[in-house]
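>>> have a look; sequence and predicted model below, questions after that.
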Amino acid sequence: MFGTYLLRELTHRRKQTAIIAIGMALAIALVIIVNSVAAGVRDAQAGVLASVYGVGTDVTVSRAPEAPAQGDGQSGPPAFDFGAADGQAADGSTTLAQERLNAARGTATFDAAALDTVLGVDSVSAATATLALQNTSFSGQIPTRDAASTDGSAPAGPPAGGADGAGGSSFNVDSFTVEGIDVAGAAVGPLTAATLADGRTFTAADAGSDVVVLDSDYATSADLAVGGTLSIGGADFEIIGLVASGGSNSYIPLDVAQALSGLDGQVSSIYVQAGSSSDVPQVQADIEAALPDATVSTQADLAASVSGSLSTASGLVSNLGTWLSVLVLAAAILIAILFTISGVTRRTREFGTLKAIGWSNRRIVGQVAGESLVQGAIGGVLGVAAGLVGILVVNLVAPTLTASATAQQTAGFGGQRPGGFGGAGPQAAAATTDITLHAPVTAAVILIAVGLAILGGILAGAVGGWRAARLRPAEALRSAA
Amino acid sequence: MYELKNVTKRYEQSRRTITALDDVTLSIPDGQLVAIQGPTGGGKSTLLQMLGALERPTKGSVTLGTAELATLPDSALAGIRAREVGFVFQGFNLIPTLTAQENVETALEPLRLPSAQRRSRAAAALASVGLGDRASHRPAELSGGQQQRVAIARALVKEPDVLLADEPTGSLDEETRDEIMDLLEGIWRDRGLTLIVVTHDSAVAKRAQRRLHIKQGRLTEKK
């Protein structure tokens, strides 16, 4: 009887059933899509952060760069100074070349002893220090003194020499990022998330050696391969491996990086792993107390450093998407409640009659609640289907998001572009990476969505049932007479 | 057997107190056919609802058999309505979405019978009012007289001791009125139940063994 009555009521009031189910379906579909896209954005952010900071990093320690002092060659852009006798002259042209290995733009170095301080903090399970550098090379051709007048008088003959043989000059400036890392296999650090593409990664035996591991994207763009050599800071490094890191362009042993850059005993970042996630706030506070000049960032702070359309998408999903879902869900439940109350009011005589022939309040409340529950469940099923279609569309479209991280935290997320000028300042030190958004579907999201639909149905049924239970049979019959 | 002693029923309506029944004392033996007449608003329907365990008196006592309806909890009153009392209403009060068969079955729902037994009893009840071939029809597909027959089948299917009819022919034409009254009278005679009919219609009232008149809540016996 319950099922027959319920089915007849729902099919008889198709319009009401459809409105409630569609409203609920819309809300559920939104909840599913927003949740899945949010999970996709979170995964993308986690991927970006892992590629920059490595797996398992809970806290990073760095120092904010200071404004360059007057005449401070280390802090400003790399300077290339050539004497009158520098270069190699041939065929009326002088070829000049210099290479600099400096601290990466937008970073500041500090005493490596900070690592010991960090390791001494309670609940720190692992920590490693890195030194973010930038290798900048200058090369070019200028006319020799014989070919170009330098005293301001007009040349005796037509211009000659130089890059074009007619007195012209040609320069090339190339730069890439270099990160000095602990080669002893630290539990945290930039390479813990990297995937080996070719060759090998570092071993403890590589300390003090001129060996380099390259980011595979950089190696491809610079036409470099395992077994080849790469000049860093004027020294030739053997390429021992390629990794898909998404971080620095190249990695070399920390001690070699410090020696080549003239930054002995200096580091630019410390990657810290806490004993547990609940220890992170305390670890952050303890490090800040132990190193008052340091900038101590947690994963949440690091996530805030990711910008670009990924950040915009994250903001949209977490703010607009969530609120839209909540609003639509609330509206759907409200519509369901109002329709149920309206239905109970319209069926006053019906419920009065049923009470008169002996139906208990409980039985009538069950009938009303059952009808609402089924309407909510229909909405839930439709909503899950619509949500899955929406997610399928998102994944088919596969929107590409860009993610950027500023160089303040690292040596340059994504690496600086080869052939550039090494960045014109802290802002330019930010690099972008394209990430394809994938919205995952999880059973938990589906269950939550269906649960919300059923909850909506139960709420509407409870309110409607309460109204029906309050009807006194004599009054119900009297009001309908 | 009904026993009403000094029953008073008052309603609060818009800050006014309305006395629907005023010190009514009444005894109705089992198996009697009683007609209750009176002007609109005189208390006829209130008295019927009191007899049907739909209302409790403000004062006094209402006894059906051994049950004191004035003091029983709602659940017990619902049980009495489910087993012992059948209702027939002027507007038929059928559920529009259910078929005739299903409407009759609603009266058996509180008795928790097996579905097969419920179906067979409902079918038999419909057949007994001459609507065996209309079981699958919805109320909208039936005439007024047929709808009232379905309502009578619904009231009878649980085999009650008492049948209460509130203006059962009020919405019907004269011919159909007579058919319905013939049917009710036949059922009363065959089954020996107590039939109490509220009516404005003197032709209907004349069929009763006993006629009561109620005006301004006061009950008088018509000879």
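Looks like it arrived, so ask away.
>>> which element is the residue nearest the centre of chain B on?
For chain B, the residue sitting closest to the mean C-alpha position, by C-alpha atoms, centre = their mean, is residue B:164 at 2.0 Å. When elements are assigned from DSSP states H and E, residue B:164 belongs to strand B:162-166.
>>> what average pLDDT does that strand get?
Taken as a whole, strand B:162-166 carries a mean pLDDT of 92.
>>> partner strands of it, parallel or antiparallel?
strand B:85-88 (parallel), strand B:194-198 (parallel) (DSSP bridges).
>>> pLDDT weak spots in the stretch 251-400 of chain A?
Where the stretch 251-400 of chain A drops to pLDDT under 70, the residues are A:302-321.
>>> report the closest residue of it relative to chain B.
Closest to chain B within the stretch 251-400 of chain A is residue A:358: 2.5 Å, counting by C-beta to the nearest C-beta. Bear in mind the C-beta positions are built from the backbone N, C-alpha and C, glycine included.
>>> wait, that residue sits on residue B:78?
Yes. Contact status for residue A:358 versus residue B:78: in contact at 5.6 Å, counting by C-beta atoms under 8 Å.
>>> what about these two, which has more around it?
residue A:358 (28 against 24; other C-beta atoms under 10 Å in any protein chain shown).
>>> what is the burial count for residue 89?
If you meant another chain, say so; for now it's chain A. For residue A:89, using other C-beta under 10 Å, the count is 16.
>>> you looked at the wrong chain, it should be chain B
Count around residue B:89 with other C-beta under 10 Å applied: 24.
>>> distance of it relative to residue A:244?
80 Å (C-beta to C-beta, to the nearest Å).
>>> same thing with residue A:89?
Taken as C-beta to C-beta, the span from residue A:89 to residue A:244 is 44 Å.
>>> could I get the longest strand belonging to chain A in CSV with only the CA atoms?
When chain A is parsed with DSSP state E, its longest strand is strand A:124-143. This file holds the C-alpha atoms of strand A:124-143, laid out as CSV (Å, rounded to 0.1, in the frame of the first residue of the first chain):
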residue,chain,number,x,y,z
VAL,A,124,61.6,18.3,13.0
SER,A,125,62.1,14.9,11.4
ALA,A,126,64.3,16.0,8.5
ALA,A,127,65.7,19.1,6.9
THR,A,128,68.0,19.9,4.0
ALA,A,129,69.6,23.2,2.7
THR,A,130,69.8,24.3,-0.9
LEU,A,131,71.5,27.2,-2.6
ALA,A,132,69.6,28.8,-5.5
LEU,A,133,71.9,30.3,-8.1
GLN,A,134,71.7,31.7,-11.6
ASN,A,135,74.3,31.1,-14.2
THR,A,136,74.6,33.9,-16.7
SER,A,137,76.9,33.9,-19.7
PHE,A,138,77.8,36.7,-22.0
SER,A,139,79.4,36.2,-25.5
GLY,A,140,79.7,38.4,-28.5
GLN,A,141,81.8,39.9,-31.2
ILE,A,142,82.8,43.5,-31.5
PRO,A,143,85.1,45.1,-34.2
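>>> state the mean pLDDT of that strand.
For strand A:124-143, the per-residue pLDDT averages 87.
>>> how about stretch B:43-55?
90.
>>> give me the number of residues near the residue in chain B that chain A sits nearest to?
Distances between chain B and chain A by C-beta to the nearest C-beta are smallest at residue B:82, namely 2.5 Å. By other C-beta under 10 Å, 21 other residues sit near residue B:82.
>>> any stretches of chain B with poor pLDDT?
Using pLDDT under 70, chain B drops low at B:223.
>>> any idea of the pLDDT on residue A:67?
67.
>>> excluding its backbone neighbours, what's nearest residue B:113?
residue B:121 (7.3 Å; C-beta to C-beta, 6 or more residues apart in numbering or on different chains).
>>> quick one: residues in contact with whichever strand or helix holds residue B:179.
Here residue B:179 is covered by helix B:174-191, with elements defined by DSSP H and E. With contacts defined as C-beta atoms under 8 Å, 6 or more residues apart in numbering or on different chains, helix B:174-191 is touched by B:33, B:88, B:128-130, B:143-145, B:148-149, B:152, B:156, B:159, B:163, B:165, B:168-169, B:172, B:193, B:195, B:197, B:201, B:203-204, B:207.
>>> buried only: go through the residues you listed for me.
B:33, B:88, B:128-129, B:144-145, B:148-149, B:152, B:156, B:163, B:165, B:168-169, B:172, B:193, B:195, B:197, B:201, B:204, B:207 (16 or more other C-beta atoms under 10 Å in any protein chain shown).
>>> take the residues you listed and keep only those in strands.
Filtering those for strands - DSSP E - leaves B:33, B:88, B:163, B:165, B:195, B:197.
>>> for the residues you listed, which two are the farthest from each other?
Largest separation among those by C-beta to C-beta: B:33 and B:88, giving 13.7 Å.
>>> residues near residue A:229, how many?
So residue A:229, with other C-beta under 10 Å, has 13 neighbours.
>>> list the contacts for it?
By C-beta under 8 Å, 6+ apart, the neighbours of residue A:229 are A:236-239.
>>> and the pLDDT at it?
93.
>>> picking up where we left off before, what pairs with the longest strand of chain A, and is each one parallel or antiparallel?
strand A:93-103 (antiparallel), strand A:170-181 (antiparallel), strand A:269-274 (antiparallel).
>>> just to revisit the earlier point, so what sits against both of residue A:358 and residue B:78?
With C-beta under 8 Å, 6+ apart as the test, residue A:358 and residue B:78 both reach residue B:110.
>>> sorry, back to before: so the residue nearest to residue B:113, which of the three states?
Following DSSP: H, G, I helix; E, B strand; the rest coil, residue B:121 is assigned to helix.
>>> partners of residue A:140 in the sheet?
Counting by DSSP bridges, the residues bridging with residue A:140 are residue A:96, residue A:171.
>>> whoops, I mixed them up, residue A:175
What pairs with residue A:175, by the bridge criterion (DSSP bridges), is residue A:136.
>>> wait, what's in contact with residue 115?
With no chain named, the answer covers chain A. Contacts of residue A:115 (C-beta under 8 Å, 6+ apart): A:127-129, A:267, A:270.
>>> oops, wrong one, chain B.
Residue B:115 neighbours (C-beta under 8 Å, 6+ apart): residue A:1.
>>> one more: residue B:136?
Here residue B:136 is in contact with B:99-101 (C-beta under 8 Å, 6+ apart).
>>> so which of the residues you listed are in helices?
B:100-101 (DSSP state H).
>>> restrict the contacts of residue B:136 to contacts with chain A.
Among the contacts of residue B:136, not one lies near chain A by C-beta under 8 Å from any C-beta of the partner chain.
>>> export the contacts of residue B:136 to TSV and append columns for neighbour count.
TSV is the format used below for the contacts of residue B:136 (neighbours: other C-beta atoms under 10 Å in any protein chain shown):
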residue	neighbour count
B:99	21
B:100	29
B:101	21
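>>> closest one of the contacts of residue B:136 to residue B:45?
Checking those one by one against residue B:45 (C-beta to C-beta), the nearest turns out to be residue B:100, at 25.9 Å.
>>> SS state for residue B:25?
Per three-state DSSP, residue B:25 ends up strand.
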